[in-house]
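Peer 1: I'll drop the sequence and a predicted model, then ask my questions.
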Amino acid sequence: MKNIEWRDGTLILLDQTKLPTHVEYLHCTDWRQVAEAIKMLRVRGAPAIGVAAGYGLILAAAEANRLAVPFSEQLSTFYEWSEELKETRPTAINLAWAVNRIIAIVKAGPFSSMHEIIERITHEALVIHEEDVQLNTRMAINGATLFKGKQNLRILTHCNAGALATGGLGTALGVIRKLHEQGQLEMVYADETRPLLQGARLTAFELHEDGIPVTLETDNMAAYAMQQGLIDAIIVGADRITTEGDVANKIGTYGLAVLAKFHNIPFYVAAPYSTFDFTLKDGKDIPIEMRADDEVLTFQGVPSAPTGIHVLNPAFDVTPHELVTAIITEEGVLTPNYQESIARLQSVVVNK
């Protein structure tokens with residue numbers, strides 16, 4: 001099923017908060033609807049929210065064009081709205097990357113009307129979407145090379161880094177899909193991913209729908225699975241990667257990396273170029289989104305903890321580069337020294 005589609009001036013988003021029991025679509029005709037969908041995780045996954053934001057900017061430009069003010073004021077208002085859209089989720093760098101990419105084109109101009117800008121933004125948003133489809137496929141191929149000659153693989157993944165989180169096959173799940181296609185995969189172990197259960201609701205749903213064998217486990221069962229020799233490798237996605245190779249991903253990822261190190265299990269990260277933040281060196285500088293208490297205090301709207309207690313609810317954690325075996329990208333597999341390999345990645349992409 002399509003999770004993001006641009007059709008006749010409307011952004012159609014699969015409401016992922018309703019899965020797996022209901023398949024419902026949002027029809028966004030206002031950029032604020034897109035911002036709300038991103039903030040409330042109706043559309044989620046770093047690459048996917050970047051794609052959605054691109055389309056959201058079309059809607060913002062169209063609304064600015066309807067304002068009965070001079071072009072310069074329309075443009076100024078559009079820039080203000082683009083900043084609001086960019087701030088809906090602070091950790092996933094793909095969101096800011098997509099918005100900044102389109103805003104840079106607008107500022108480079110020259111444009112004499114919002115109508116011209118709308119046409120140019122529409123073209124670029126579609127390009128970003130198509131690029132994501134293609135790079136997912138390249139990432140899957142590159143990631144599969146890490147397992148050449150291996151059979152009956154048992155892969156652990158965390159959160160959802162699949163087709164629902166991207167415009168294509170997925171990042172981590174793209175690699176897993178490729179291994180399944182090549183007959184190398186025995187089982188995928190999917191963490192539930194507390195507190196919003198993206199692993200249970202989305203990853204297990206995707207894999208089951210595709211006929212890929214999946215075993216669901218709660219997050220605190222991952223150590224047991226490793227101890228029992230059930231896991232051959234871990235593959236996760238990412239929301240931001242620094243120039244040193246520190247990785248921000250869904251809360252619980254860091255714990256998996258520590259466990260993998262102890263059990264001598266390779267820990268792989270799959271992410272596109274747009275997930276790298278070339279302005280940050282150290283993971284401690286990555287902004288971590290703190291989410292609402294109710295996500296922990298309730299379970300699907302039903303209270304599951306005492307009222308009035310304090311809650312710690314970071315959406316992400318940061319895995320130090322020392323715990324990352326390799327980073328899978330559309331341009332190849334990066335290995336330590338990450339400062340050097342990530343710098344080469346940047347050079348390759350910039351010079352394309």
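Peer 2: Yep, it's here. Worth saying up front: this structure is predicted, and the values here are computed from it rather than measured. Numbering: from 1, shown residues only.
Peer 1: which residues in the stretch 201-350 of the chain form helices?
Peer 2: For the stretch 201-350 of the chain, helices defined by DSSP state H, counting those that start in this stretch occupy the ranges 204-209, 222-227, 253-263, 294-297, 338-350.
Peer 1: Just the CA coordinates for the third one, please, in CSV.
Peer 2: This file holds the C-alpha atoms of helix 253-263, laid out as CSV (Å, rounded to 0.1, in the frame of the first residue of the first chain):
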residue,chain,number,x,y,z
THR,A,253,18.7,1.4,19.7
TYR,A,254,21.6,2.3,22.0
GLY,A,255,20.8,-0.6,24.3
LEU,A,256,20.7,-3.0,21.4
ALA,A,257,24.2,-1.8,20.3
VAL,A,258,25.6,-2.4,23.8
LEU,A,259,24.1,-5.9,23.9
ALA,A,260,25.4,-6.6,20.4
LYS,A,261,29.0,-5.6,21.4
PHE,A,262,28.8,-7.9,24.4
HIS,A,263,27.5,-10.8,22.4
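Peer 1: L169 is in contact with L135, correct?
Peer 2: No. The pair L135 / L169 is not scored as a contact, 9.9 Å apart, by Cβ atoms under 8 Å. In short, each C-beta sits where N, CA and C put it, glycine included.
Peer 1: out of these two, which sits in the more crowded spot?
Peer 2: More crowded of L135 and L169, by other Cβ atoms under 10 Å: L135, with 23 against 20.
Peer 1: so how far is I241 from the more buried one?
Peer 2: 15 Å (Cβ to Cβ, to the nearest Å).
Peer 1: Any idea how far the lowest-mean-pLDDT helix or strand in the chain is from the middle of the chain?
Peer 2: Ranked by mean pLDDT, DSSP states H and E, the weakest helix or strand in the chain is strand 298-299, scoring a mean of 90. Mean-position distance between strand 298-299 and its chain equals 24 Å (Cα atoms, centre = their mean, to the nearest Å).
Peer 1: Summarise which helices and strands it is packed against.
Peer 2: Counting contacts by 3 or more Cβ pairs under 8 Å, 6 or more residues apart in numbering; DSSP states H and E, strand 298-299 packs against no other helix or strand.
Peer 1: List of residues touching that strand?
Peer 2: 304-305 (Cβ atoms under 8 Å, 6 or more residues apart in numbering).
Peer 1: Stretch 211-221 now?
Peer 2: Taking Cβ under 8 Å, 6+ apart as the rule, stretch 211-221 contacts 158, 176-177, 180, 185-194, 199-200, 203-204, 207-208, 225, 252, 255.
Peer 1: what comes up buried for that stretch?
Peer 2: Of the residues in stretch 211-221, 212, 214, 216-217, 219 count as buried by neighbour count, 16 or more other Cβ atoms under 10 Å.
Peer 1: Which of those residues fall in strands?
Peer 2: 214, 216-217 (DSSP state E).
Peer 1: Identify, from the residues you listed, the entry nearest to D294.
Peer 2: Nearest to D294 among these: L216, at 23.9 Å, using Cβ to Cβ.
Peer 1: give me every residue that touches I309.
Peer 2: I309 sits next to L297 when contact means Cβ under 8 Å, 6+ apart.
Peer 1: ok, now with 7 Å
Peer 2: Listed by Cβ atoms under 7 Å, 6 or more residues apart in numbering, I309 has no contact partners.
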